[in-house]
Each structure stands twice: as structure tokens, then as C-alpha cells.
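Visitor: Take a look and give me a structure for this.
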Amino acid sequence: MAIGANALTRWTAPEGRWTEPDLHLFPQDGHRYEIVDGSLHVTPPLDGPHESIVRAVLTILRGAAPAGWWVCARLGIETGASNLVPDVTVLKPYSSGAVWADPADVACVIEVETGTSRRYDRLLKPALYAEAGIPAFWRIESEPAPVLHTYALGPGGYEHGKTVQGADLVQVDAPFAVRVAPSAWL
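Guide: Residues are numbered from 1 along each chain as shown. Predicted coordinates for the structure are as follows:
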């Protein structure tokens, strides 16, 4: 409870696991609040280059998306005891439209790495997305210049597909056919 105009709201952590309703306790302050197996994970606010890449990827994918597909920024995915928020989520046609997407509705998730999210975006989140059965995963390195790594779900998790960099347009086939040139994303 806050006392005075400038006092911070006080709250306590849940007694057990964090759950999706607990995420509503946090302000819209630029941090990314996610739950991984009932534990809270917080990423600091993202910088300008990261946001430029996210906007560019959204624009390119939305322009190439077949009718009925949705390309969304920061749409959460609920899978088991985890609530993850990718930078970009591509939903299949006829998705449920839920506030937290069902992994069965997701065709591809995209993470843009930063210095504070590199290990999380390379190791933990892809493993959780693969476990949820999401067919495609893109990971974008942002420094020193954008580099796209595509992955497709295989029997043992994600298998590396293409690495795309530079100014030449290269076709990527998942989640749908789209031509990309990562150096143009900044």
C-alpha cells in the first residue's frame, strides 16, 4: 500500500510458484517480466538498436505474411508453468486470439539478443520453445551487425537451418517464404 504521492507500491512475492496473474503486479516500465517453470525472470529495458531490429523484422514479416497470419510484437506464450515473451511471435491462421498464446497456435518465435539476454535467448528460451512444439525459431545477433540464425524443430530440439547476414536478400522459408537482408535492419 502506498503512503504519499511519491511512495512506491509495496508487494510481496508469492508463497509458492510465480503464475501468470502475478505478472500483473509489475508496472509497464520497459522491463520484460517472464516466468520460467514458476520462477520470475526479469530483463532490463531494451536499447534503441534492439528496438530498431524488432520493428524492421515486424515490418518485413507483416509484408510477407499470407492472409490470416498474424505477426505480433511481444505477444506472450503460455506453456506449462512458464509464461514467455518473445520479441516477435508469428501466429498461424485461425489462432485462438487469447491474451497468452497457446504454443499450438504459434508458427515461429523470434528473439533479438542483447548483452543482457544472450545466454537466455541462446540456451533457455529455445529449449522451452522446442519443448512446447513451436515449429520455427529465429535468433538474431544484434552486434556488431545483425545476423539471423534460423532453426526448425527436429526430433531432439531445434536444428540449425540458415545463417543470414549482409545486404543481399536471402529467402527464408519458415514460418512462410520471406526475403531478408539483416544489414538493413538497423
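
Visitor: how far away is the most centrally placed residue in the chain from residue 33?
Guide: Centroid-nearest residue in the chain, with C-alpha atoms, centre = their mean: residue 86, separated by 1.1 Å. Here the criterion is C-beta to C-beta, to the nearest Å. By it, residue 86 lies 14 Å from residue 33. All C-beta spots, glycine's among them, are computed from the backbone N, C-alpha and C.

Visitor: and the residue nearest to the centre of the chain, which of the three is it?
Guide: Under the three-state scheme (DSSP: H, G, I helix; E, B strand; the rest coil), residue 86 adopts coil.

Visitor: List phi and psi for the nearest residue to it once chain neighbours are set aside.
Guide: Closest residue to residue 86 apart from its sequence neighbours, by C-beta to C-beta, 6 or more residues apart in numbering: residue 109 at 4.1 Å. Here is the backbone geometry of residue 109 (degrees, to the nearest 10): phi -120, psi 150.

Visitor: and residue 83, bridged to which residues?
Guide: Using DSSP bridges, the bridge partners assigned to residue 83 are residue 35, residue 78.

Visitor: residues in contact with it?
Guide: For residue 83, the contact set (C-beta atoms under 8 Å, 6 or more residues apart in numbering) comprises 20, 23, 34, 35, 76, 77, 100.

Visitor: Surely the fifth one and residue 103 touch.
Guide: Going back to what we said before, that points to residue 76. No: Residue 76 lies out of contact with residue 103 (C-beta atoms under 8 Å); the separation is 11.2 Å.

Visitor: Now do the SS call for residue 13.
Guide: Under three-state DSSP, residue 13 comes out as coil.

Visitor: and the gap between it and residue 39?
Guide: 10 Å.

Visitor: do the same with residue 30
Guide: Counting by C-beta to C-beta - residue 30 and residue 39 are separated by 21 Å.

Visitor: And residue 130, by the same measure?
Guide: Using C-beta to C-beta, residue 130 is found at 19 Å from residue 39.

Visitor: Please name the nearest non-neighbouring residue to residue 30.
Guide: Distances taken as C-beta to C-beta, 6+ apart place residue 45 nearest to residue 30, at 3.2 Å, with adjacent residues excluded.

Visitor: isn't there a helix covering residue 54?
Guide: Yes: read with three-state DSSP, residue 54 is one of the residues of a helix.

Visitor: Can you tell me the closest non-neighbouring residue to it?
Guide: Leaving out its chain neighbours, the residue that sits closest to residue 54 by C-beta to C-beta, 6+ apart is residue 87, at 5.0 Å.
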